[in-house]
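Engineer: what's the 3D shape of this:
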Amino acid sequence: MSRNPSILSRPLAAAPFLISPLAAALLVACGGGGGDSAPLAPLACATNCVSGVAASGKAIASATVTLTDAAGTTRSATTGADGSYQIDSTGLIAPFLLKVVAGTGTTFYSVSADANAKTTVNLSQLSDLLVRTWYGVQGIDAATAFGAPAANPAPPAAVLPDLAASVMGMVQLWLDRNNVPAGFNLISTPFTANGSGIDAVLDLTNVTVTSPSAVTLTMTSGTTTQTTSLVLGSGSVTATSTTADSATGTQSSSVTTSAVVVSSALSTALDTMRAGLNAFAATVNTKGAALAAADLQPYVDPNLLDDGKNAAQSIAESVGSLAGSTISFAVLNVDSIDLANGSAELNLQLTQSLGGQSNVETRPFRFKLIGTSWLITGNNRAYRFDAQAEMRNDLGANGGWSQCNGAPGGPGMSINIDVRAPTTLFSGGSVSGGGAVWPNNKDTPTSCVTGTALAAGGTSIDGADTLDNFFMNTGPIAPADLPPVGTPITVSMLPTGGGAAIPATVTLNAWTSDPTAITAPTNSALASITFGAAVPVSWTLPTTYAIQNVRLGAQVFDGDSSLGTTTSCSVDQAPLAKNATSGSIVIPATCNGHPVLQVSLNLNVNGVNGERSSSIFSIK
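Structural biologist: Residues are numbered from 1 along each chain as shown. As a prediction, the model looks like this:
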């Protein structure tokens, strides 16, 4: 239940060149008419030469790689025993489309990642998925496009990072499991088809194409299987993914939709947003500790409203968070660009470094077109509202929930509501949506209704903002009652001065039954804590989804946490690395001037597609 950073404050080493002695001995000569799979001697690559590896979990050997340039000129070569190939690109026009037909008869496509005549282009199931995604959202068959590239242009280099990020995000769990380094480019990073790293990922990968607009990606290691169904069309790709582990009985599911920039107008808009983000980062990095609000104002919508904060408040919070640090942005994918209404949302990776420490966080950024500039804007909400499906594990003094439907208590999937509203504007509200999963009274959760009043959680001081906290959790939901991914959840907050309730709606993005558990501390007595000193905490991690980050925080109370009269305060920390299994947190002795009488250690493990596993250790 930690607070998110401001809308404004919320990159990667290249993999080494790997090539085996066998690959060096079997390099195919550059040439326009193909080549032998095992030439008598290796030949150096010419000035203009496209080279790479064709692999699908093993090298695709003795196969023909065909290249077609933007004008439709074709050249080919034959792969060596290690899947390597080279094709002379002298006189050809980038970008290049390539294809290889494996021994099974399956065709894999790829595309050059830059406009250079000398470049690396690997061919695999994942490069094939990238190319099919590009053409599929336009309703074009990849084979048709390869035969007529002038009429069906290949994806330009500027949009390839976004396409590649979407594809890599679908298989991030397997990249992590096989230690594929951050920043690996599935098209242009050289690798060896030796069964490790990215080649091990390819060995687990199967892509089934049923039509230009329907593709299924299947990844399996035997005990863990991920199935992702892609629907391509109307300029976007929707990926519905389910991962199940037969050994643990756990499962995770998510739905993501990404826009694909296929028109020049959209590309121009995206380039403008990228330029603005780069200028924003350059300003922060140049100003350093002297960063001031006036430095950030040119990049921000003056009418911004984000979680109850206006532009001035958001900028001030960002200055406090970013001053003295260096930052960079990377666009992971485009959620939407609406040129007609001048709005856009990008999923960004923000890397921040300060004092030798670096933090990487992924979150959506929204933009508004004002004049000719795309400026950072907010979510247009008068209060913060999160509705998060999570696998929750309550431990310590409050361990073991009651089940909403009367089933036995214990860890389980739930929906967690977190509303933080300015105390001067809102006095309470209600939550609805998701079916019969909400307890109508937090002390007797055996009765379920479709809507219920929020229970106030006291007051939290966050910087200069005084906020009312409204928390609610369904308690474990029986599997048969789980609302599906995409279910809307609505909160309606009541203005303090009267008038109609102000609603806000979010959709449930992901489910997971894969738990995390705080393993230390184990003593749930308040006397076991030394206030003002670091409390060491350790935990386990889930295994069925790719982890984005781990957050360790706390909520402290000056009385019984179940009572609305109790005051609470948040202890928030920066997210930890995705593989972190331990950390520490300092618990204050007072909350708003009152002695702390209860503590909840909050551990949230967040997945790249919105999954969350949470463990709450209560101390009192």
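Engineer: which other helices and strands does the helix or strand that contains residue 415 contact?
Structural biologist: Per DSSP states H and E: residue 415 is located in strand 412-422. In terms of contacts (3 or more CB pairs under 8 Å, 6 or more residues apart in numbering; DSSP states H and E), strand 412-422 is packed against strand 384-396, strand 426-432, strand 465-473, strand 488-495. The C-beta positions use only the backbone N, C-alpha and C, and glycine is treated the same way.
Engineer: what lines up beside the first one in the sheet?
Structural biologist: Under the criterion DSSP bridges, strand 384-396 sits next to strand 412-422 (antiparallel), strand 612-619 (parallel) in its sheet.
Engineer: any chance of those strands in CSV, with distance to residue 61 and mean neighbour count too?
Structural biologist: What follows is the strands paired with strand 384-396, written out as CSV (distance: least, CB to CB, whole Å; neighbours: other CB atoms under 10 Å):
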stretch, distance to residue 61, mean neighbour count
strand 412-422, 47, 23
strand 612-619, 43, 24
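Engineer: need those strands in TSV (columns: mean pLDDT and distance to residue 383).
Structural biologist: Converted to TSV, the strands paired with strand 384-396 look like this (pLDDT from 0 to 100; distance: least, CB to CB, whole Å):
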stretch	mean pLDDT	distance to residue 383
strand 412-422	85	4
strand 612-619	93	21
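Engineer: out of those, flag the one nearest residue 322.
Structural biologist: strand 412-422 (21.7 Å; CB to CB).
Engineer: quick one: the closest one to chain centroid distance?
Structural biologist: 20 Å (CA atoms, centre = their mean, to the nearest Å).
Engineer: do the same with stretch 493-505
Structural biologist: Taking mean C-alpha positions (CA atoms, centre = their mean), stretch 493-505 and its chain are 32 Å apart.
Engineer: and residue 358, what helix or strand is that in?
Structural biologist: strand 357-370.
Engineer: buried stuff in that strand?
Structural biologist: 359, 360, 361, 362, 365, 366, 367, 368, 369 (16 or more other CB atoms under 10 Å).
Engineer: okay, angle between the strand holding residue 415 and strand 426-432 too, please.
Structural biologist: 150 degrees (axes from the mean of the first three to the mean of the last three CA atoms, to 10 degrees).
Engineer: return strand 412-422 as CSV; C-alpha atoms alone will do.
Structural biologist: Only the C-alpha atoms of strand 412-422 are listed here, as CSV (Å, rounded to 0.1, in the frame of the first residue of the first chain):
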residue,chain,number,x,y,z
GLY,A,412,-5.5,-16.3,-1.4
MET,A,413,-6.3,-14.0,-4.3
SER,A,414,-8.0,-10.8,-3.5
ILE,A,415,-8.7,-7.3,-4.6
ASN,A,416,-7.1,-4.5,-2.7
ILE,A,417,-8.5,-0.9,-2.8
ASP,A,418,-6.3,2.0,-1.9
VAL,A,419,-7.8,5.5,-2.1
ARG,A,420,-5.8,8.6,-0.9
ALA,A,421,-7.7,11.8,-1.1
PRO,A,422,-7.1,15.4,0.0
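Engineer: tilt between that strand and strand 488-495?
Structural biologist: 30 degrees.
Engineer: picking up where we left off before, adding pLDDT, write the buried residues of strand 357-370 out as a markdown table.
Structural biologist: Formatted as a markdown table, the buried residues of strand 357-370 follow (pLDDT from 0 to 100):
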| residue | pLDDT |
| --- | --- |
| 359 | 79 |
| 360 | 79 |
| 361 | 81 |
| 362 | 82 |
| 365 | 96 |
| 366 | 97 |
| 367 | 98 |
| 368 | 98 |
| 369 | 98 |
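Engineer: kindly calculate the angle that the strand holding residue 415 makes with strand 465-473.
Structural biologist: Using the same axes, to 10 degrees: strand 412-422 against strand 465-473 is 160 degrees.
Engineer: where does the stretch 1-150 of the chain have low pLDDT?
Structural biologist: The model of the stretch 1-150 of the chain has pLDDT under 70 over residues 1-46.
Engineer: how about 90 then?
Structural biologist: For the stretch 1-150 of the chain, the stretches with pLDDT under 90 are 1-47, 57, 103-105, 115.
Engineer: all strands for it, in order.
Structural biologist: Ranges of strands in the stretch 1-150 of the chain, per DSSP state E, counting those that start in this stretch, are 49-53, 64-68, 74-78, 84-88, 97-101, 107-111, 119-120.
Engineer: of those strands, which stretch is the most buried?
Structural biologist: strand 84-88 (a mean of 26; mean count of other CB atoms under 10 Å).
Engineer: in the chain, which helix or strand is least confident?
Structural biologist: Here the helix or strand of the chain ranked lowest by mean pLDDT, DSSP states H and E is helix 21-25, holding a mean of 30.
Engineer: burial count for residue 492?
Structural biologist: For residue 492, the neighbour count with other CB atoms under 10 Å is 17.
Engineer: that one contacts residue 502, doesn't it?
Structural biologist: Yes. In terms of CB atoms under 8 Å, residue 492 counts as a neighbour of residue 502; the distance is 6.9 Å.
Engineer: residue 563: which of the helices and strands packed on strand 412-422 is closest?
Structural biologist: strand 465-473 (12.6 Å).
Engineer: buried stuff in that closest one?
Structural biologist: Result for strand 465-473 [16+ other CB under 10 Å]: buried residues 465, 467, 468, 469, 470, 471, 472, 473.
Engineer: partner strands of that strand, with direction?
Structural biologist: Going by DSSP bridges, the partners of strand 465-473 are strand 412-422 (antiparallel), strand 455-462 (antiparallel).
Engineer: please state the offset of the longest helix seen in the chain from the chain centre?
Structural biologist: Assignment by DSSP state H gives helix 264-287 as the longest helix of the chain. The chain centroid and the centroid of helix 264-287 are separated by 20 Å under CA atoms, centre = their mean.
Engineer: can you pull out the strands in the stretch 451-600 of the chain?
Structural biologist: Using DSSP E, counting those that start in this stretch, strands in the stretch 451-600 of the chain cover 451-453, 455-462, 465-473, 488-495, 502-507, 510-512, 518-520, 534-539, 547-557, 568-571, 582-586, 590-591, 594-595, 598-607.
Engineer: residue 95: which of the ones you listed is closest?
Structural biologist: Across the strands of the stretch 451-600 of the chain, closest to residue 95 is strand 547-557 (CB to CB), at 31.1 Å.
Engineer: right, and residue 574 touches residue 359 too?
Structural biologist: Yes. The criterion here is CB under 8 Å, and residue 574 meets it with residue 359 at 5.1 Å.
Engineer: now do the strand holding residue 358 against strand 547-557, angle only.
Structural biologist: Using the same axes, to 10 degrees: strand 357-370 against strand 547-557 is 90 degrees.
Engineer: other SSEs contacting strand 357-370?
Structural biologist: helix 264-287, strand 343-354, strand 373-377, strand 547-557.
Engineer: now distance to residue 128 and mean neighbour count too, for these, in JSON lines please.
Structural biologist: Output for those, formatted as JSON lines (distance: least, CB to CB, whole Å; neighbours: other CB under 10 Å):
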{"stretch": "helix 264-287", "distance to residue 128": "23", "mean neighbour count": "16"}
{"stretch": "strand 343-354", "distance to residue 128": "23", "mean neighbour count": "19"}
{"stretch": "strand 373-377", "distance to residue 128": "33", "mean neighbour count": "22"}
{"stretch": "strand 547-557", "distance to residue 128": "26", "mean neighbour count": "23"}
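Engineer: sweet, I'm off.
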